[in-house]
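# predicted coordinates and the sequence they were generated for:
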Amino acid sequence: MNEKSNNARYGGAKLRAIRDRDHRQILRMYQELRACIVEGRGMEQILQRSKDLITATVLHFESEERALGEDSLASLLAHQELHAEMIESLEDISRDLEQKLIRGAVELLKYFEGRLRYHLEVEDAALERELSN
């Protein structure tokens, strides 16, 4: 087995561990935010949970990219571009949060339910499979 193959398998195992840990945490944080909004727990709690979810998501992307290391596979670069696009969207949502608009929290829920959930469940899994092969 060559060194590149070993690195890819190691990267795949690291990604799997990150995925298992971070994805559970992000899903839990999303559910907490949703409960805050539905139950009307107050803007301060909603804002804090929203910011925490955004931070956890960005940290997940950073952890994932560190686990990928210096590998130059086109799929890895494309995955990093997906992260950059999603971070830009999260920053837009965060600006609404800073203005204390509930709209920002609702947009974050919608973004999570659509784009972010797809990334976590489909695109991360596809990258992990590609690294394992």
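Alright, I've got the coordinates. Not measured: the values here are computed from a predicted model. Residues are numbered from 1 along each chain as shown.
# tell me the contacts of the most centrally placed residue in the chain?
Nearest to the geometric centre of the chain sits residue 57, at 3.7 Å (Cα atoms, centre = their mean). By Cβ atoms under 8 Å, 6 or more residues apart in numbering, the contact list for residue 57 reads 26, 86, 90, 116. For the C-beta atoms, the positions are set from N, CA and C on the backbone; glycine is no exception.
# which residues of the chain score low on pLDDT?
1-12, 70-74, 98, 100-101 (pLDDT under 70).
# for it, what spans make up the helices?
3-38, 43-68, 74-98, 102-111, 117-118, 124-132 (DSSP state H).
# which positions within the second one qualify as buried?
Think helix 43-68. Buried residues in helix 43-68, counted by 16 or more other Cβ atoms under 10 Å: 45-47, 49-51, 53-54, 57-58, 60-61, 63-64, 67-68.
# what of the third one?
Judged by neighbour count (16+ other Cβ under 10 Å), helix 74-98 contains these buried residues: 76, 79, 83, 86, 87, 90, 93, 94, 96, 97.
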